[in-house]
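K.L.:
Have a look at this fold, sequence not included:
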Ligand SMILES: Nc1ncnc2c1ncn2[C@@H]1O[C@H](COP(=O)(O)OP(=O)(O)OP(=O)(O)O)[C@@H](O)[C@H]1O
């Protein structure tokens, strides 16, 4: 399996007059890649995952090369379907082009893997939250997707099922699939994710998860003085009392502190505090 999918200048908003949720998103996703998306609440992660999965079309821009088959686990799985777990999965297998027999076998195999074989005959509407989430994950994996999109898919699964999903992700990648995911736990697949992006202010920026930062609060020789650290990557903000707060990668903090203290006239350092970049 060798393919490459591309997003070019993608923007999205809900409704014509609605605010732009995403703007100018460029992204390449290739066979074998594991992409993690991060960002604050409501930043647009789920929106981007739906665009990747092809559930929604972008309002502007272009998405090309999206492979098939695709699997998608939404943040909220519609559980109130009038089918049993096995019936639903078998039906979806048929939609993906499997024979009735092969679809039934795939349904059983995935229910078994996620420890849900005992719910095979249970109506979807009667499943527990965890049971329903296992079906949500099984339906996405059923057809061996080339592109797997997981929106908080581990949430609600028991520990064994979470580990099983980790294995299923590794299998998809080994088979030449790509996986894009969002998860609130920064440790999820942390060793495997080879691309990490943050959705922030509607744009997509490359970013390592939860980098260690240092917040330095300093007072200049005058209230309007600008800190003598032009290279500070994350910039600085001025507090109401005229002091400035610089947030810098932990590795740069010694150099920034030195620059402040070596300045003439020197700056007064009020506090130095380690912080973590929000996940
Ligand atoms: N169907 C919709 N109609 C209108 N607005 C929507 C719709 N879906 C999402 N939004 C809005 O788009 C913005 C981004 O939502 P989205 O769910 O993509 O963010 P998110 O980063 O996944 O958030 P969270 O971490 O809270 O799940 C939010 O302001 C949300 O209210």
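P.N.:
That came through, no problem. If you're wondering where the values come from, they're calculated on a predicted model, not measured in any experiment.
K.L.:
Do a quick rundown of the strands in the stretch 101-250 of the chain.
P.N.:
Taking DSSP state E, counting those that start in this stretch, the strands of the stretch 101-250 of the chain run over residues 147-151, 178-182, 195-200, 203-206, 212-219, 236-238, 244-249.
K.L.:
and the second one, what other elements does it pack with?
P.N.:
Packed against strand 178-182 by the contact rule (3 or more Cβ pairs under 8 Å, 6 or more residues apart in numbering; DSSP states H and E) you find strand 20-30, strand 34-38, helix 45-53, strand 147-151, helix 159-174. Any C-beta I mention is one placed from the backbone N, CA and C, and that applies to glycine too.
K.L.:
Likewise for the longest one?
P.N.:
In this structure, strand 212-219 makes packing contacts with strand 244-249, helix 253-262, strand 268-276, judged by 3+ Cβ pairs under 8 Å, 6+ apart.
K.L.:
Contacts for the second one, please.
P.N.:
Contacts of helix 253-262 from elsewhere in the structure, counted by Cβ atoms under 8 Å, 6 or more residues apart in numbering, are 214, 216, 218, 227-229, 232, 246, 248, 266-267, 269, 272.
K.L.:
Could you list the low-confidence segments of the stretch 101-250 of the chain?
P.N.:
By pLDDT under 70, the weakly predicted segments of the stretch 101-250 of the chain are 208-211, 230-235.
K.L.:
For it, which residues are neighbours of the ligand?
P.N.:
By the rule Cβ under 6 Å from any ligand atom, no part of the stretch 101-250 of the chain lies against the ligand.
K.L.:
Buried deepest among the helices and strands packed on strand 178-182, which one?
P.N.:
Of all these, strand 147-151 has the most neighbours on average by mean count of other Cβ atoms under 10 Å, namely a mean of 25.
K.L.:
Just want the angle from that one to helix 45-53.
P.N.:
Per axes from the mean of the first three to the mean of the last three Cα atoms, to 10 degrees, the angle that strand 147-151 makes with helix 45-53 is 160 degrees.
K.L.:
what comes into contact with strand 147-151?
P.N.:
Applying Cβ under 8 Å, 6+ apart, the external contacts of strand 147-151 come out as 5, 29, 45-46, 49, 52-53, 66-68, 70-75, 140-141, 165, 169, 172, 177-183.
K.L.:
just to revisit the earlier point, right, so the strands of the stretch 101-250 of the chain: which one is the most enclosed?
P.N.:
strand 147-151 (a mean of 25).
K.L.:
Tell me if I'm right that residue 119 and residue 87 touch.
P.N.:
No - using Cβ atoms under 8 Å, residue 119 is not in contact with residue 87; the gap is 11.7 Å.
K.L.:
still on that earlier bit, now the helices and strands packed on strand 178-182 as CSV including distance to residue 135?
P.N.:
Below are those laid out as CSV (distance: least, Cβ to Cβ, whole Å):
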stretch, distance to residue 135
strand 20-30, 26
strand 34-38, 24
helix 45-53, 18
strand 147-151, 14
helix 159-174, 11
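K.L.:
Please tell me how far residue 161 sits from residue 197.
P.N.:
Separation of residue 161 from residue 197 (Cβ to Cβ, to the nearest Å): 27 Å.
K.L.:
whoops, residue 147 was the one
P.N.:
Relative to residue 197, residue 147 is positioned 16 Å away (Cβ to Cβ).
K.L.:
Also residue 45?
P.N.:
Taking Cβ to Cβ as the measure, residue 45 falls 10 Å from residue 197.
K.L.:
Name the residues contacting each of those two.
P.N.:
Common contacts of residue 45 and residue 197 (Cβ under 8 Å, 6+ apart): 37, 38.
K.L.:
correct me, but residue 12 touches residue 47?
P.N.:
Yes - at 5.6 Å, residue 12 and residue 47 qualify as touching, with contact defined as Cβ under 8 Å.
K.L.:
Which neighbours do those two have in common?
P.N.:
The contact lists of residue 12 and residue 47 share 21, 22, 56, where a contact means Cβ under 8 Å, 6+ apart.
K.L.:
Would you mind giving these as JSON lines with pLDDT and distance to residue 126 added?
P.N.:
Shown next, in JSON lines, are those (pLDDT from 0 to 100; distance: Cβ to Cβ, whole Å):
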{"residue": "21", "pLDDT": "96", "distance to residue 126": "35"}
{"residue": "22", "pLDDT": "96", "distance to residue 126": "37"}
{"residue": "56", "pLDDT": "96", "distance to residue 126": "30"}
